[in-house]
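>>> Let's see this in three dimensions:
(one chain, ligands or ions: 2)
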Amino acid sequence: MLRLEGITCAYGPVAAVRDLDLEARERAIVCVLGANGAGKSTTLKAIAGLVAPLSGRIWLAGRDITPLPPPQRVALGIALCPEGRRIFPEFTVEENLRIGGHIASREEVAQGIARAVALFPRLGERIRQSAATLSGGEQQMLAIARSLMSRPKLLLLDEPSLGLAPIVMRQIFDRIRAIRKEGATVVLVEQNANLALRIADYAYVLANGRVAIEGSAKMVAASGVVERSYLGA
Ligand SMILES: Nc1ncnc2c1ncn2[C@@H]1O[C@H](COP(=O)(O)OP(=O)(O)OP(=O)(O)O)[C@@H](O)[C@H]1O
Ligand SMILES: [Mg+2]
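Ligands and ions are numbered 1, 2, ... in the order given. The predicted model follows:
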């Protein structure tokens, strides 16, 4: 489904991601772990087209998407749910969802909202409330639901559990599983390694922009190396 080959990204003179190879099979949940500044968000931005790599190629379903701008990647089925949620607090839940569906027809938007509500019933109960009145967990649900409005085949999630209570994290992770079950491939960036490894099939651990460790989520979890060396825990 997704393949990164030798991706290097830099902001000015300092490389944030170095010669990165990464793959996600269709309908897999692949997690990307690593300490602050390891290059996780930059990797997702490169996949979404928000950061142009200095070198390397990105393939989606056999097609080289490296030169494509972000809107064309959205049209091909890539959606990014960014770090920090970026919802519009003064808009209602429904309006926030409509923004995510801006490239869709009216009917598709209605279907998208129905799907979002089925996936996150609490958003349905709060559909006309302003997003500012939602709890942190509900805001994260809204951010994920909004990124699903374009019906992505590949969903990129940047730290969805950030700042949430453990019980709410588990609810969000349960929904990520449900999204995969509906057919999406998920690349999940997380600092909460234990939770992410529990739902992922495959894991990459980044350190200083490079892949330090990769393997099945089970293998990476069992190695214990995640906590010891790379997450500062
Ligand atoms: N817009 C930017 N301008 C300059 N440097 C940046 C920019 N964004 C990120 N960096 C640098 O690139 C490196 C990787 O950043 P990135 O955001 O990808 O890390 P991350 O793994 O997502 O970290 P975190 O866990 O803190 O979100 C860091 O050293 C960071 O300071
Ligand atoms: Mg980040």
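>>> which secondary structure elements does the strand or helix carrying I176 contact?
Using DSSP states H and E, the element containing I176 is helix 166-181. Using 3 or more C-beta pairs under 8 Å, 6 or more residues apart in numbering; DSSP states H and E, the elements in contact with helix 166-181 are strand 29-34, helix 106-119, helix 136-148, strand 185-190, helix 193-199. All C-beta spots, glycine's among them, are computed from the backbone N, C-alpha and C.
>>> closest to ligand 1 out of these?
strand 29-34 (5.3 Å; C-beta to the nearest ligand atom).
>>> Could you find the closest non-adjacent residue to K45?
Once flanking residues are discounted, K45 sits nearest to V51: 4.1 Å by C-beta to C-beta, 6 or more residues apart in numbering.
>>> Now tabulate the helices and strands packed on helix 166-181 in JSON lines and tack on mean pLDDT, distance to G77 and mean neighbour count.
As requested, the helices and strands packed on helix 166-181 are exported to JSON lines (pLDDT from 0 to 100; distance: least, C-beta to C-beta, whole Å; neighbours: other C-beta atoms under 10 Å):
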{"stretch": "strand 29-34", "mean pLDDT": "96", "distance to G77": "16", "mean neighbour count": "26"}
{"stretch": "helix 106-119", "mean pLDDT": "92", "distance to G77": "14", "mean neighbour count": "16"}
{"stretch": "helix 136-148", "mean pLDDT": "96", "distance to G77": "11", "mean neighbour count": "22"}
{"stretch": "strand 185-190", "mean pLDDT": "97", "distance to G77": "9", "mean neighbour count": "26"}
{"stretch": "helix 193-199", "mean pLDDT": "93", "distance to G77": "21", "mean neighbour count": "20"}
